[in-house]
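Student: I would like to see how this sequence folds:
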Amino acid sequence: MKKLPNLIFSNEILNRRADLRLKSEAHGFLGNEDSLNIVFSNGAPLLGCDDSKSKLAYLSHNHWLLRNVNLSVFLGLYKGKSVYAHNLFNKEGDNRHQDSLEYFKKKIEKDPLMVKNRFGNLRTNFMTIEEDDSALAGTGRSLLEWGLNNKYCGKCGETLNSINWGWEKRCENCCKSFFPRIDPVVIMIIVNGSKTLLGRSHQFPENLFSCLAGFVEPGETIEMAAKREVQEEVGLRISNIQYITNQPWPFPSSLMIGLRAQTNQKVLTIDHNELENAVWVTKTDLKNLLIGNCEHMQVARPGTIARSLLESWAKGLI
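Tutor: As a prediction, the model looks like this:
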């Protein structure tokens, strides 16, 4: 299958070789004047505003903001330069959620050289960020989230040490190593003749519908997970499951596995604990939805794997 277009966070722009992390650890970002440094506060990356697209704010190795960091990770080489992501830490007060973000917003507002900088919501505004920058921000956010949320050994409870520039944690007490977790998720476009199925989760924004999706559970193949999720949510049996494409999704760290499946059943038995609603739509109706010709229904946003699956099916590409 051809790689689908417009999948955000998927640009192959970083040289991620493990040996580069060891070399980076030897000198550290503070000694690397050519390094590119990006910062986050509560998962929100610092951006530099432009007329049309926002860009990551790349800070110098001696920028004053980097004195407020409690975790740094090395992402790899981008255009020959070392890239580091840093989590901002409010040393003067409350570091919980919005309090810390507001603290750094006010600090930045006082710097006349940073008047065009702002913290962006990566999840809701990813399409306004340059493609390469969104890929860097996605990797950085995932690694920082893992590092901040995994401080203690799951075996003995001792504090973990971060090594390999944020790509590994090790317990010196029991010698157990831990690595960043990735959660596989199957997401399916389900076809019955000239119709496809759209579902609406309870957590979706108003009027939004998308493809059905769910986490792969222990002991399952990708196909097994797809069959189980569809049966659980709408009571359909699917077959002819085909892999289409995949997309990293840094909220916090999933790998979305895009599939196409068929069914000869049409009657839906919706589990309302799983879904708010699900509907069949024709290819003609879907094309209208994709161009926004419906006041009471919207489909997945551009840049997402769900949108690419739906667009590709509407165009007859899959």
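Student: for residue 152, see how far away residue 176 is.
Tutor: From residue 176 across to residue 152, the span is 11 Å (Cβ to Cβ, to the nearest Å). Just so you know, the C-beta spots here come from the backbone N, C-alpha and C atoms, and that holds for glycine as well.
Student: domain ranges for the protein?
Tutor: Listed by automatic domain parsing, the domain ranges of the chain are 18-149, 183-314.
Student: okay, now residue 79: neighbour count?
Tutor: 10 (other Cβ atoms under 10 Å).
Student: can you give me the helices in the stretch 101-250 of the chain?
Tutor: Taking DSSP state H, counting those that start in this stretch, the helices of the stretch 101-250 of the chain run over residues 122-125, 131-149, 222-234.
Student: may I see the ones you listed organised as CSV, with mean neighbour count added?
Tutor: Output for the helices of the stretch 101-250 of the chain, formatted as CSV (neighbours: other Cβ atoms under 10 Å):
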stretch, mean neighbour count
helix 122-125, 14
helix 131-149, 22
helix 222-234, 19
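Student: least confident of the domains of the chain, on average?
Tutor: Out of these, domain 18-149 stands lowest, with a mean of 87 (criterion: mean pLDDT).
Student: distance between the ends of it?
Tutor: Domain 18-149 has an end-to-end distance of 22 Å (Cα to Cα, to the nearest Å).
Student: out of the helices of the stretch 101-250 of the chain, which is closest to residue 254?
Tutor: helix 131-149 (9.0 Å; Cβ to Cβ).
Student: what helices or strands is that closest one leaning on?
Tutor: Applying 3 or more Cβ pairs under 8 Å, 6 or more residues apart in numbering; DSSP states H and E, we find helix 131-149 packed against strand 36-41, strand 44-48, strand 55-56, strand 69-78, strand 81-88, helix 122-125, strand 239-249.
Student: right, and those - which one's nearest residue 16?
Tutor: Closest of those to residue 16 is strand 69-78, at 4.3 Å (criterion: Cβ to Cβ).
Student: chain center to stretch 12-20, what's the gap?
Tutor: Per Cα atoms, centre = their mean, to the nearest Å, the displacement of stretch 12-20 from the mean C-alpha position of its chain is 19 Å.
Student: who touches that stretch?
Tutor: By Cβ atoms under 8 Å, 6 or more residues apart in numbering, the surrounding residues in contact with stretch 12-20 are 74-78, 82-83, 132, 135-136, 139, 164, 167.
Student: got it, and stretch 140-159?
Tutor: With Cβ under 8 Å, 6+ apart as the test, stretch 140-159 has contacts from 38, 40, 43, 45, 71, 73, 75, 83, 85-87, 122, 160, 162, 166-167, 169, 171-174, 176, 178, 180-181, 248, 250, 252-253.
Student: JSON lines for the helices and strands packed on helix 131-149, including distance to residue 145?
Tutor: Listed next are the helices and strands packed on helix 131-149 as JSON lines, based on distance: least, Cβ to Cβ, whole Å:
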{"stretch": "strand 36-41", "distance to residue 145": "9"}
{"stretch": "strand 44-48", "distance to residue 145": "12"}
{"stretch": "strand 55-56", "distance to residue 145": "17"}
{"stretch": "strand 69-78", "distance to residue 145": "10"}
{"stretch": "strand 81-88", "distance to residue 145": "9"}
{"stretch": "helix 122-125", "distance to residue 145": "11"}
{"stretch": "strand 239-249", "distance to residue 145": "12"}
